[in-house]
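Engineer: Please find the sequence and the predicted model below.
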Amino acid sequence: MIQQANKVFESMEVKDVVSWNAMVTGYSQAGRFEEALGLFEKMREEKIELDVVTWSAVIAGYAQKGHGYEALGVFRQMQLCGSKPNVVTLVSVLSGCASIAALLQGKETHCYAIKCVLNYDWNDPGEDLMVINGLIDMYAKCKSTNVARLMFDSVAPSDRNVVTWTVMIGGYAQHGEENDALKLFSEMLQEGNSMKPNAFTICCALMACAHLAALRFGKQIHAYILRNRYESVMLFMENCLIDMYSKSGDIHAARVVFDNMQHRNSVSWTSLLTAYGMHGYGEEAIKVLDYMRVAGFVPDGITFLVLLYVCSHSGMVDQGIRFFESMHTEYSVTPELDHYACMVDLLGRAGRFGQALEFVHSMPMEPTAIVWIALLSGCRIHGNVELGEYAAAQLQELGSENDGSYTLLSNIYANARRWRDVARVRSLMKYSGVKKRAGCSWVQGKKGTATFYVGDRSHPQFEQIYKLLADLIQRIKAIGYVPETNCALHDVDDEEKGDLLFEHSEKLALAYGILVSTPGVPIHITKNLRVCTDCHNAFTYISMIIDNEIILRDSSRFHHFKSGSCSCRGYW
DNA sequence: GTAGGGTTAG
């Protein structure tokens, strides 16, 4: 089509700016932005007087590709040329700012909008609303959700449209304010039938559920989708549903969604593979890979990344190595930094440190922090002090120590009972000003989510929780649990106020989960960091004396505790 | 006549 249009265009004797514009946007919309830019350049060479449509089209093209800096550059040129931006231009400029989190330029655009573009016509808020929506999105994506919310609130509820709601909900969902996202989504549904969420809105809400492992809420949204006729826009939402179910611990439901899809894309397949990977179902994932090939999807770099992740978390080391080799031999996919990091993770997790180091040294690019952190965490699992120190030194050299790497090193020393070194790491951490993130666990109860920090006594039922926990600890001690207090595996993750091993956030969450559990129904717990070794051990014992399966998601993977064993089989 | 906002997997 565009080819034919181009022929006609070239045969035209007189080309006005409108026909040039049509061609620029034609190429841009056909996904051939490079050629659109070529025409744009040609327009300038031939001294065609560019109008607001030309400029807006190019800015939009950059913004849609996520190239915010280029979009802003063109916007600047536009202003220098004296062309006057309008609502359409600003919407694209704001989208460009949002894509690169350019708060300063976003604010400048905000000022410009106030001075030159917004009408403040109360009888016709429609034009302004486009810009306001763009501003809300921009502020949210620049991590200024409070400012975004002020703008959202400043729009009269009856003037808001579905995008106004979506950008605010999505802004919360993407910046760790998932509870606010879900609160706002509920509010939106209460607005009556006038404000129906669309596929975009629902994806944002499902994303928030996935982060929180809010299975109950996610199921309600699923039901809402089925009740409300979204047949024509299912693909995105179904992909989100797969992710939501698997991150909420219900891998079966994730599979059912996948199986019932009318159409699937590569995201659908990758989501399912990731789901099996997180839960440690390596064999299942390999089967999915075969189906995927049969369905005509060719594995790409991302597929292989996920496959390596799957192998790493299922202890399928040799299979992982084979995948890595077949990547370029059979599929001509070049391994990139992330693939190497994943291989180091795989080998380190399995304790094959010689091979892991060989891998690091064979990398065609400089190893970055993620590679050393992968190695360091392998050393943590297997108590390899020497190599751990080496990896930590590399991290220090790169100047990219974070709270996680300090914690890993400290735990390696603690495991080796080298308390002086533990103390040294801690003071180093204080000295360098690295703040550790607070460990935090939450559990889904019937009346919503209960969140716990270490030593947390803020829950109304804290006395019952602590009593139950003490009782559980007594009972599992009787069947062989040995707390790691004597040798005090001081988990820097959680330890701040002294020796609070028995008051770790995940233990409190579990006690509360048991308190409110229904017999036979799994208890779902989520932790923002990795589960602590002693807690993992305690959970394993506790699963022997309660009827419920314990499904724990930590920052690394899922652990299913049942009858005295954990599904991770040590690969965490 | 020609330009425009918000979504998913690692």
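Structural biologist: Right, received. Where do you want to start?
Engineer: rest of the way, CA atoms for contacts and neighbours
Structural biologist: Fine.
Engineer: What are the neighbouring residues in contact with the nearest residue to A:P125 once chain neighbours are set aside?
Structural biologist: Using C-alpha to C-alpha, 6 or more residues apart in numbering and skipping the chain neighbours, the partner closest in space to A:P125 is A:D159 (6.9 Å). A:D159 is in contact with A:125-126, A:129, counting by C-alpha atoms under 8 Å, 6 or more residues apart in numbering.
Engineer: If we check DNA strand B, which of those residues are in contact?
Structural biologist: Near DNA strand B, taking C-alpha under 7 Å from any atom of the strand as the test, the members of those found are A:L129.
Engineer: Restricted to buried residues, select the contacts of A:D159 in PyMOL.
Structural biologist: A single PyMOL command selects the buried members of the contacts of A:D159 (16 or more other C-alpha atoms under 10 Å):
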select buried, chain A and resi 125+129
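Engineer: so which of the contacts of A:D159 comes closest to DNA strand B?
Structural biologist: For the contacts of A:D159, the minimum distance to DNA strand B (C-alpha to the nearest atom of the strand) is 5.5 Å, reached by A:L129.
Engineer: Pick out the residue of the stretch 201-350 of chain A closest to DNA strand B.
Structural biologist: For the stretch 201-350 of chain A, C-alpha to the nearest atom of the strand, closest residue to DNA strand B: A:V267, 3.5 Å.
Engineer: Name the next helix or strand downstream of the stretch of helix or strand that residue belongs to, please.
Structural biologist: Applying DSSP states H and E as the criterion places A:V267 in helix A:266-279. Using DSSP H and E, the next helix or strand after helix A:266-279 towards the C-terminus is helix A:282-294.
Engineer: circling back: among the contacts of A:D159, which are located in helices?
Structural biologist: With DSSP state H as the criterion, helices contain A:126, A:129 from among the contacts of A:D159.
Engineer: Find the nearest non-adjacent residue to whichever residue of the stretch 351-500 of chain A sits closest to DNA strand B, please.
Structural biologist: Per C-alpha to the nearest atom of the strand, A:I370 is where the stretch 351-500 of chain A lies closest to DNA strand B, at 12.7 Å. Distances taken as C-alpha to C-alpha, 6+ apart put A:A341 closest to A:I370, at 6.4 Å, once the chain neighbours are dropped.
Engineer: Equivalent analysis for A:K527, please.
Structural biologist: Once flanking residues are discounted, A:K527 sits nearest to A:S441: 4.2 Å by C-alpha to C-alpha, 6+ apart.
Engineer: A:V147 too?
Structural biologist: Using C-alpha to C-alpha, 6+ apart, the closest residue to A:V147 is A:Y139 (6.5 Å).
Engineer: Just give the number of residues close to A:Q355.
Structural biologist: 14 (other C-alpha atoms under 10 Å).
Engineer: low-confidence ranges in the stretch 351-500 of chain A?
Structural biologist: Within the stretch 351-500 of chain A, the stretches with pLDDT under 70 are A:485-499.
Engineer: hey, where'd the strands end up in it?
Structural biologist: Ranges of strands in the stretch 351-500 of chain A, per DSSP state E, counting those that start in this stretch, are A:440-445, A:448-453.
Engineer: Remind me what the first one packs against, helices and strands.
Structural biologist: Contact here means 3 or more C-alpha pairs under 8 Å, 6 or more residues apart in numbering; DSSP states H and E; on that basis strand A:440-445 packs against strand A:448-453, helix A:505-515, strand A:523-527.
Engineer: In TSV, list the strands of the stretch 351-500 of chain A along with distance to DNA strand B and mean neighbour count.
Structural biologist: As requested, the strands of the stretch 351-500 of chain A are arranged in TSV below (distance: least, C-alpha to the nearest atom of the strand, whole Å; neighbours: other C-alpha atoms under 10 Å):
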stretch	distance to DNA strand B	mean neighbour count
strand A:440-445	19	23
strand A:448-453	21	18
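Engineer: Let me have these in TSV, adding distance to A:F33 as columns.
Structural biologist: Supplementary listing: the strands of the stretch 351-500 of chain A in TSV, determined by distance: least, C-alpha to C-alpha, whole Å:
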stretch	distance to A:F33
strand A:440-445	45
strand A:448-453	46
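Engineer: For DNA strand B, what's its nearest residue on the stretch 401-550 of chain A.
Structural biologist: For the stretch 401-550 of chain A, C-alpha to the nearest atom of the strand, closest residue to DNA strand B: A:N528, 14.7 Å.
Engineer: So which bits of the stretch 151-300 of chain A are right by DNA strand B?
Structural biologist: So the stretch 151-300 of chain A meets DNA strand B at A:161-164, A:166-167, A:170, A:174, A:197-201, A:203-204, A:207, A:235-237, A:239-240, A:243, A:266-268, A:270-271, A:274 (C-alpha under 7 Å from any atom of the strand).
Engineer: Contact partners for A:Y541?
Structural biologist: A:476, A:479, A:481, A:564-565.
Engineer: closest to A:D534 among those residues?
Structural biologist: Distance to A:D534 across those (C-alpha to C-alpha) is lowest for A:Y481, with 9.6 Å.
Engineer: what about that closest one, how many neighbours?
Structural biologist: 18.
Engineer: separation between it and A:V531?
Structural biologist: Per C-alpha to C-alpha, to the nearest Å, A:Y481 is found 17 Å from A:V531.
Engineer: Do I have it right that A:G455 meets A:H504?
Structural biologist: Yes: between A:G455 and A:H504 there is a contact at 6.5 Å, judged by C-alpha atoms under 8 Å.
Engineer: which of the two has more neighbours?
Structural biologist: Using other C-alpha under 10 Å as the criterion, A:G455 and A:H504 rank with A:H504 on top: 26 against 21.
Engineer: Make sure A:E13 is indeed in a strand.
Structural biologist: No: counting by DSSP: H, G, I helix; E, B strand; the rest coil, A:E13 falls outside a strand, being coil.
Engineer: so what's it up against?
Structural biologist: Counting by C-alpha under 8 Å, 6+ apart, there are no residues that A:E13 touches.
Engineer: and the gap between it and DNA strand B?
Structural biologist: Shown here: A:E13 relative to DNA strand B, a distance of 12 Å by C-alpha to the nearest atom of the strand, to the nearest Å.
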